[in-house]
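Trainee: Here you go, sequence then predicted model.
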Amino acid sequence: MTLNEIIALDKKYFMNTFGDRLPVCFTKGQGMKLWDMDGKVYYDFLGGIAVSALGHSHPALVNAIIEQAQKFIHCSNYYYIESQAKLAQLIVENSCCDKVFFANSGAEANEGAIKLARLYFRKKGVPEKFEIITLEKSFHGRTLATLAATGQEKYQKNYCPLTPKFLSVPMNDIDALENAITEYTCGIMLEPIQGESGVNPANVDYIKKVRELCDKKDVLLIFDEVQCGLGRTGKMFGYEHFGIEPDIFTLAKALGGGFPIGALCAKEPYASAFEPGDHGSTFGGNPLACSAGLATLSTIINDKLYDNSAKMGEYFTDKLNKLKNKHRIITEVRGKGLMIGVQLAAPIAVKLKKKFLEQGFLIGSVGDNIIRMLPPLIISKDDIDMYIAALDKVLDKMS
Ligand SMILES: Cc1ncc(COP(=O)(O)O)c(C=O)c1O
């Protein structure tokens, strides 16, 4: 098929949720690179929106998927699953949580977290503690509950009435949070480094105070690490930057390296609030997804990809800050590790993204004024140098 034929099929048969996509269709990938139908190469600085942590077609991941698929793909959670038990063990042994439940996406993992927080208090004899406080500019998913949790009206406005008992307060404003907590609050759910709103890290002092408030008011602290977890920010988990531990955290995106899987991770005694029949999933934690997760997470840990993320993230932001001194259109470089947002003084983010596609680089845009980079954690200095040279040239031409 030609690209135009694929576009015509998509327009006719696929619901138009993604609008006019960038006009490219990939046929293969390797490491940082993807190739289109004409054999043109693209350097992937978006990583499938923080998903392709190992880059494309990493042999450990590909082999794990092939090996499991050749044995069997699915059996249901009525039976014990070796890769599920091993992946849960690997997450627990490398994080602050005691138990894990597997879902199929970030939104689903967050739904599980919300249910667990409510159930914990119900079983503790305080069923009226059901309200969840989140932060403005957050993103927690597209299901009805996670949409209500998401502190951005643009995602919510067409789906009212929203699922009740969610409210959001501004980030880094501890008084606003304290004032919002009532005897009905069961959890505070937040991204320690907000992703979808353009890479906004929370202040360390704020997060420490949030932890203290949660302890004082008997409220669970839930971190949504769907985007910032698993090495993305230069540490294994986002919470490590803040010197505190959440009671519950969620993962997805990078966990399967591209294979869909999400995880709800909780400390005790919260994890034990889920008892037989309280939660479940047909596909969640199936043998294929968990084999992909096991291969991806083992590689992140064994190859210390979080360290590469820290080093390359620093190198990348340094270079971007140097470009900022040269090009006035760049007003701020934000982020941690390889989760990087660049604030622009003019609404050229989409234009820049399209120009960059022509140059053979994939990046993301957030609104009109922010570009975002979430490259694979295997990225090298050479890749970054190439990107910086291209950005320098494009900005020269655009100014
Ligand atoms: C922080 C965060 N939470 C949740 C989600 C939703 O994940 P999914 O699209 O896998 O449902 C996303 C997706 O971008 C996210 O960035």
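Mentor: Now that the structure is in, tell me what you want to look at. Numbers count the residues shown, from 1 in each chain.

Trainee: Could you tell me which residues of the stretch 1-150 of the chain lie near the ligand?
Mentor: S105, G106, A107, N110, F139, H140, G141 (Cβ under 6 Å from any ligand atom). To be clear about C-beta, it is placed using only N, CA and C from the backbone, and glycine gets the same treatment.

Trainee: most surrounded residue in these?
Mentor: Highest neighbour count within these: H140, with 33 neighbours (other Cβ atoms under 10 Å).

Trainee: mind putting the residues of the stretch 1-150 of the chain next to the ligand in a markdown table, pLDDT included?
Mentor: Below are these laid out as a markdown table (pLDDT from 0 to 100):
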| residue | pLDDT |
| --- | --- |
| S105 | 98 |
| G106 | 98 |
| A107 | 98 |
| N110 | 98 |
| F139 | 98 |
| H140 | 98 |
| G141 | 98 |
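
Trainee: okay, those in CSV with secondary structure next?
Mentor: Shown next, in CSV, are these (DSSP: H, G, I helix; E, B strand; the rest coil):
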residue, secondary structure
S105, coil
G106, helix
A107, helix
N110, helix
F139, coil
H140, coil
G141, coil
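
Trainee: how about those residues, which pair is most distant?
Mentor: Largest separation among these by Cβ to Cβ: S105 and F139, giving 13.0 Å.

Trainee: Under a three-state scheme, what state does the closest residue to S83 other than its chain neighbours occupy?
Mentor: Closest residue to S83 apart from its sequence neighbours, by Cβ to Cβ, 6 or more residues apart in numbering: C290 at 3.7 Å. Three-state assignment for C290 (three-state DSSP): helix.

Trainee: Same question for the one 3 residues further on.
Mentor: The three-state assignment at G293 reads helix, by three-state DSSP.

Trainee: Go through the residues of the stretch 251-399 of the chain and report the one nearest to the ligand.
Mentor: In the stretch 251-399 of the chain, the residue that lies nearest the ligand is A252 (4.6 Å; Cβ to the nearest ligand atom).

Trainee: Surely that residue is in contact with S105?
Mentor: Yes - contact criterion Cβ atoms under 8 Å: A252 and S105 qualify, at 5.6 Å.

Trainee: Next, show the common contact partners of those two.
Mentor: Common neighbours of A252 and S105, using Cβ atoms under 8 Å, 6 or more residues apart in numbering, are G262.

Trainee: ok, now how distant is K124 from the ligand?
Mentor: 27 Å (Cβ to the nearest ligand atom, to the nearest Å).

Trainee: For burial, what's the neighbour tally of that residue?
Mentor: K124, neighbours per other Cβ under 10 Å, totals 13.

Trainee: Spit out the contact partners of it.
Mentor: Counting by Cβ under 8 Å, 6+ apart, K124 has no contacts.

Trainee: That one and T317, how far apart?
Mentor: 44 Å (Cβ to Cβ, to the nearest Å).

Trainee: How about the contacts made by the closest residue to the ligand within the chain?
Mentor: Residue of the chain nearest the ligand, by Cβ to the nearest ligand atom: G106 (2.4 Å). When contacts are counted by Cβ under 8 Å, 6+ apart, G106 touches H140, G141, D224, V226, Q227, T250, L251, A252, K253, G262.

Trainee: how close does it get to A273?
Mentor: When distances are taken as Cβ to Cβ, G106 and A273 turn out to be 21 Å apart.

Trainee: got it, and H140?
Mentor: H140 is 20 Å from A273, by Cβ to Cβ.
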